[in-house]
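Engineer: The following comprises the amino acid sequence and a computationally predicted model.
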Amino acid sequence: MAALRAGDAAVAIAAFMRATTADPDAGPLWRNLAHAHRLAGDAEGERAALNRALSLDRLDFAAQLRLAQLHQRQGEETQALMAWNAVEQLAAQLPALSSEVAAELASGQAYCDGLRGKLALAAEAALTLDKGRDETEERRVRAFVDQALGRRRVYHNQCAGVFYPFLPEDEYFDRRHFPWLDELEAATPAIQAELRGLLDAPGDLIRPYVRFEEGTPDNEWSPLDGSLDWSACFLWEYGEPHRAVVERCPQTAAVLERLPLARIPGRAPNAFFSVLRPQSKIPPHTGVTNTRAIIHLALEVPPGCGFRVGNETREWVEGKAFAFDDSIEHEAWNNSDQRRAVLIIDSWNPHLSPREQDAVLRYFAAADSALVGGGPR
């Protein structure tokens, strides 16, 4: 150690080689020998010593850190990226890091960001050569590349109710599955007019979307409990029409009647106007089942509003609709000084065949007849 502090690499190497011979299972000795080799500019000697330390303990953070730095110095980019990933995973499990180590990690992160940028440019150049993909292929290829580059987290279905196995886990559904969205969008002016008539008239048709039972513990939804910050006006709820609203919105109701929505007695369709007040947000959450697709038709969307499903964030565009899987984590926000309003309806998950849709219907019918109070929603 005195030789290391004095910068005498040769003496330090000789001393630590004697020490590791005497005590070959002592990881710190191998790390110190690696340090001495690094001081001497001997990359291969350092590599051998670090690998010996890691053969004794793969979770040796200091050895992993030095090996990542060695790969970086030697220009071994692929190995360096993998090694730095391992270091980051280990660092996340440590209770505290010194400022010196934190600075080394930050430097490694910047280096890895540069490598990922290099990979991204190469991947983008390769992808531009392929022009034949459809919408589904395009989204999947994009997700594949982003996940491989560490730019994307893969979200999975989380259903509070019924889960249907083996359906694709995609955040947004491709528009080609819903040719009837054109008809829905064409009715936007009429739907907007009926919505404004509801919002501008006195009455109790608009209600808080979140309403807890008494005694519910505080949670991330508590700020919205009983609040009109996020409110709803239902045309259909759990498969039943709200006559007072339907009568006030005859054109909207007529359009909904013509659409191929999921129709499950006691459960679907649901169709409602969703209103989010200025400076309000809906926290991340998941829905009850992946057997459905949720459609949003944007009606009033001031700047500063957004919607995230999984990794993909979109802005609503007035008069345009999209479909998504609400069993994947999603959230919404309105950072403007005006209200945001959309029409929300549910349809079948487009990956369910007609026979599978019928199976879901028969399952719920059996559950309702077999259990007091019906089966799970």
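Structural biologist: Everything's here; your move. Residues are numbered from 1 along each chain as shown.
Engineer: For residue 244, which non-adjacent residue is spatially closest?
Structural biologist: In space, residue 244 comes closest to residue 205 once its chain neighbours are excluded; the distance is 6.2 Å by C-beta to C-beta, 6 or more residues apart in numbering. (C-beta placed from N, C-alpha, C; glycine too.)
Engineer: Might one say that residue 54 is in contact with residue 67?
Structural biologist: Yes. Taking contacts as C-beta atoms under 8 Å, residue 54 lies within contact range of residue 67: 7.0 Å.
Engineer: Which one's more surrounded, those two?
Structural biologist: residue 67 (24 against 19; other C-beta atoms under 10 Å).
Engineer: residues in contact with the more buried one?
Structural biologist: By C-beta atoms under 8 Å, 6 or more residues apart in numbering, the contact set of residue 67 is 47, 50-51, 54, 83.
Engineer: ok so it is a helix residue?
Structural biologist: Yes. Counting by DSSP: H, G, I helix; E, B strand; the rest coil, residue 67 is part of a helix.
Engineer: what separates it from residue 267, distance-wise?
Structural biologist: Taken as C-beta to C-beta, to the nearest Å, the spacing of residue 67 relative to residue 267 amounts to 56 Å.
Engineer: before we move on, what about residue 152?
Structural biologist: Here the distance between residue 152 and residue 267 works out to 33 Å (C-beta to C-beta).
Engineer: Compare the two (neighbour count), which wins?
Structural biologist: Applying other C-beta under 10 Å to residue 152 and residue 267 shows that residue 267 carries more neighbours, namely 26 against 16.
Engineer: pretty sure the more buried one is touching residue 364, no?
Structural biologist: Yes. Distance between residue 267 and residue 364: 6.3 Å, which falls inside the contact criterion (C-beta under 8 Å).
Engineer: pretty sure residue 227 contacts residue 212?
Structural biologist: No. Contact status for residue 227 versus residue 212: not in contact, 10.9 Å apart, counting by C-beta under 8 Å.
Engineer: And the helix ranked longest in the chain, what's buried?
Structural biologist: Ranked by residue count, the top helix of the chain under DSSP state H comes out as helix 99-127. Going by neighbour count (16 or more other C-beta atoms under 10 Å), the buried part of helix 99-127 is 104-105, 108, 111-112, 115-116, 119, 123.
Engineer: will you turn these into a markdown table that also has pLDDT and distance to residue 302?
Structural biologist: As requested, these are exported to a markdown table (pLDDT from 0 to 100; distance: C-beta to C-beta, whole Å):
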| residue | pLDDT | distance to residue 302 |
| --- | --- | --- |
| 104 | 95 | 46 |
| 105 | 95 | 41 |
| 108 | 95 | 42 |
| 111 | 94 | 42 |
| 112 | 90 | 39 |
| 115 | 88 | 40 |
| 116 | 82 | 35 |
| 119 | 79 | 38 |
| 123 | 73 | 36 |
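Engineer: what are the ranges of the strands in the stretch 51-200 of the chain?
Structural biologist: Under the criterion DSSP state E, counting those that start in this stretch, the stretch 51-200 of the chain carries strands at the ranges 172-173.
Engineer: Under the pLDDT cut-off, which ranges of it? List them.
Structural biologist: Flagging of the stretch 51-200 of the chain using pLDDT under 70 yields the residue ranges 126-133.
Engineer: go again using 80 as the cut-off
Structural biologist: 119-120, 122-142, 144-145, 147-151 (pLDDT under 80).
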